[in-house]
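Colleague: my questions concern the predicted model and sequence given below.
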Amino acid sequence: MPRTISLRQALDHAGYYPELVSDVLDVAIGGEEVVAHLVHPETTFDTEVRRHVTALVLTPTRLIMAHVDDHPADHDNPVASASATTEAVPLRAVHTVALTHVVGAPERHRTGAVPTELTLAVGWGGVQRVDLEPATCGDPQCDADHGLTGAISPDDVVVRVSAQAEGRDAVRGAVVFARALSAATAR
C-alpha cells in the first residue's frame with residue numbers, strides 16, 4: 001500500500017478533522033514523497049474537553065509537523081473553530097531525536113517486543129524549555145540567596161504514545177516512525 005494512502009488512512013482513523021489535516025499537510029509536503037508518518041490524536045480535560053492532533057511526516061529532505069487544535073465557541077467567538085499549524089524542518093537541522101521506551105517487567109523483555117509506552121522528542125532549536133530552581137550551597141543552615149540554577153532542554157515537539165491509551169498498534173507505529181526518523185537524521 002502506498003505510504004500516502006496509509007497517511008490518509010491514519011488521518012481518517014484519528015477522526016479529528018481529517019480533511020483539514022490532510023489539506024494543511026498537502027501544502028506543507030509540497031509534493032515530496034512521504035517516507036514515514038505518525039498521527040497522534042489527543043484529548044485533554046481541564047475545565048472543558050479539548051481535542052487536538054499532531055501529525056509528523058518524514059520526507060526525504062524534511063520533517064513536517066502539523067498541529068490542529070479546537071477552539072470552542074465563546075462569548076467573543078460564537079462559532080467554534082480550529083487552528084492548523086504546520087512547520088517544515090530540514091532534516092539537516094534536526095539536532096536530536098530522543099526516545100524513551102517504557103517497558104513493564106524489564107526482566108522478561110524480549111528483543112523486538114513493543115514497549116508499553118514510547119515518548120519521542122525531536123529538537124532542532126526552534127523552541128527550548130528552561131527549568132529553574134533555587135541554587136543551594138549544600139549547607140543546611142545557610143539562608144543566603146544563591147540565585148537560580150537550571151537546565152535548558154530542547155522542546156520542539158514531544159509525542160507520547162501509550163499502549164494503554166492508544167493501543168499496541170499505535171505504539172508499534174510510533175516505533176516504526178522513530179526508527180525511520182532516527183535513520184534519516186543520521187545521514
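Modeller: Alright, I've got the coordinates.
Colleague: tell me where the protein has helices.
Modeller: Secondary structure of the chain (DSSP state H): helices located at 3-14, 18-29, 163-166, 168-185.
Colleague: which strand residues bridge Val39?
Modeller: Beta-bridge pairing of Val39 under DSSP bridges involves Ala55.
Colleague: distance of it relative to Tyr16?
Modeller: Note on Val39: its distance to Tyr16, by C-beta to C-beta, to the nearest Å, is 9 Å. To be clear about C-beta, it is placed using only N, CA and C from the backbone, and glycine gets the same treatment.
Colleague: the two - which one has more neighbours?
Modeller: For Val39 versus Tyr16, the count of surrounding residues by other C-beta atoms under 10 Å is larger for Val39: 27 against 21.
Colleague: hmm, back to that, which residues do Val39 and Tyr16 both contact?
Modeller: Val53 (C-beta atoms under 8 Å, 6 or more residues apart in numbering).
Colleague: spatially central residue for this structure, please.
Modeller: Nearest residue to the geometric centre of the chain (C-alpha atoms, centre = their mean): Val159, 2.9 Å.
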